[in-house]
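J.: Model the structure of this input:
(one chain, ligands or ions: 2)
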Amino acid sequence: TYFTMTEEEMIERVRAVKKKLGDRLYIPGHHYQKDEVIQFADTSGDSLQLAQQSANNRDAEFIVFCGVHFMAETADMLTESHQKVILPDMRAGCSMADMADIHQTEKAWDRLQSLFGDTVLPLTYVNSTAAIKAFCGKNGGATVTSSNAERMLEWAFAQKERILFLPDQHLGRNTAYTLGVPLEQMAVWDPIANKLEYDGDLDAVKVILWKGHCSVHEKFTVDNIRSLRVNDPEMKVIVHPECSHEVVQQSDMAGSTHYIIQTIQNAEPNSAWAIGTEMNLVNRLKKNHPDKRIISLNSNMCPCLTMNRIDLPHLTYALEKIAQGDPQNIITVDSETTEYAVKALERMLARA
Ligand code: 13P
Ligand code: SF4
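T.: Ligands and ions are numbered 1, 2, ... in the order given. Modelled structure (predicted):
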């Protein structure tokens, strides 16, 4: 029914629910969300900012999270028990988070313990399930986001000799490389084959990268950069660190969505930028900065299909169900998982 409504009608209904619920309702939205959704967000941010804001919000009864499932789980774990976190469409997952399953991780951990003894600290990108965060929390580790990955890897290296980095090999590799770890000291854990990919002497291994990736950011390639350098040499290339190591190396700058936004905001008028990140954010930057020349690094544009599942019809539905006293799509993480996952999150938030 919501899909047959006109946009104007949905907008009116969303406004009506927001007015009716007032401070009982809070709508955070990730930078990758569609404009039709972001226009109603009480706050927008990158993964770190949204986690911080969830941890600080003690009042709203209903948090309608416009982002993907792992973000809503994190919000649930960081808020109080009387607060309900709602994901407008339950199908809004993250393929990267799904690449690290807790059973695979436990198997990998056993193997890594037998190879390296008690020298490994697990870190997980927040783009992971609550169970993986709990696994890290239980084993002395922490979560990281693309905004604080360097700081968290430094922290981890102060605790243990080696890091297991889940689930995004690219963020792990790019960050460790920036901190001076050579590629030859990074091994890859293949969770499907259940084995370590590494040719050299195991004693040299400093980082074990889980073999996961983001299907959106892998679409930005070295060829994209090469052809841009030839056809439009004025363009500066800025990418998200979920892009491959080669792409990050050949770019002019790399950083989180927040970093990308700040860089474009502070750039000279008339400057030209090719951006390697999700399409909705690139389009928004283009619209907000008409004085700058902005394109997507991959001319096909790159949408995150699961982020895009949150749209105006789903938002309207979720809000109206709350207003009717029948909230749907409530995200709850069990208390044992929450206890350990919060340890991992708090170790990050204390240093963010
Ligand atoms: P950040 O918001 O940390 O930049 O992460 C991007 C992302 O892929 C979220 O899913
Ligand atoms: Fe997951 Fe990539 Fe989409 Fe972010 S952009 S939600 S990492 S699939």
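
J.: quick check, the helix or strand bottoming out on mean pLDDT in the chain touching ligand 1?
T.: Of all the helices and strands that make up the chain, helix 47-56 has the lowest average by mean pLDDT, DSSP states H and E, namely a mean of 90. Yes: on the criterion CB under 6 Å from any ligand atom, helix 47-56 is in touch with ligand 1 at Ser47. Using the backbone N, CA and C atoms, a C-beta is placed for each residue, glycine as well.

J.: What is whichever helix or strand comes after that helix packed up against?
T.: Towards the C-terminus, the helix or strand next in line after helix 47-56, according to DSSP states H and E, is strand 62-64. Applying 3 or more CB pairs under 8 Å, 6 or more residues apart in numbering; DSSP states H and E, one finds that strand 62-64 contacts strand 25-26, strand 84-86, helix 312-323.

J.: what about strand 62-64, average pLDDT?
T.: Looking at strand 62-64 alone, the average pLDDT works out to 97.

J.: so how far is that strand from its chain's centroid?
T.: On the basis of CA atoms, centre = their mean, to the nearest Å, strand 62-64 is displaced by 19 Å from the centre of the chain it belongs to.

J.: And for stretch 317-325?
T.: Here the centre of stretch 317-325 is set off from its chain's centre by 27 Å, with CA atoms, centre = their mean.

J.: Mind telling me what element Ser44 is part of?
T.: When secondary structure is defined using DSSP H and E, the element that contains Ser44 is strand 43-45.

J.: For that strand, which strands pair with it and how are they oriented?
T.: As defined by DSSP bridges, the strand partners of strand 43-45 come to strand 28-30 (parallel).

J.: do the partner strand and ligand 2 meet at all?
T.: No: between strand 28-30 and ligand 2, judged by CB under 6 Å from any ligand atom, nothing touches; the nearest distance is 8.0 Å.

J.: Now the element after that strand, going C-ward?
T.: Past strand 28-30, further along toward the C-terminus, the next helix or strand under DSSP H and E is helix 35-38.

J.: what mean pLDDT would you report for that following helix?
T.: pLDDT averaged over helix 35-38 gives 98.

J.: what packs against it?
T.: Secondary-structure packing of helix 35-38 (3+ CB pairs under 8 Å, 6+ apart): helix 279-288, helix 312-323.

J.: Need the helices and strands packed on strand 62-64 in CSV (columns: distance to ligand 1, mean pLDDT and mean neighbour count).
T.: As requested, the helices and strands packed on strand 62-64 are exported to CSV (distance: least, CB to the nearest ligand atom, whole Å; pLDDT from 0 to 100; neighbours: other CB atoms under 10 Å):
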stretch, distance to ligand 1, mean pLDDT, mean neighbour count
strand 25-26, 18, 97, 22
strand 84-86, 17, 97, 23
helix 312-323, 18, 98, 21
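
J.: got these as CSV, with distance to Phe220 columns?
T.: Conversion of the helices and strands packed on strand 62-64 to CSV gives the following (distance: least, CB to CB, whole Å):
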stretch, distance to Phe220
strand 25-26, 33
strand 84-86, 31
helix 312-323, 28
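
J.: Show me the one of those that comes nearest ligand 2.
T.: For these, proximity to ligand 2 was assessed by CB to the nearest ligand atom; helix 312-323 is nearest, at 16.0 Å.

J.: following that closest one, which helix or strand comes up?
T.: Along the chain past helix 312-323, the next helix or strand (assigned with DSSP H and E) turns out to be helix 335-349.
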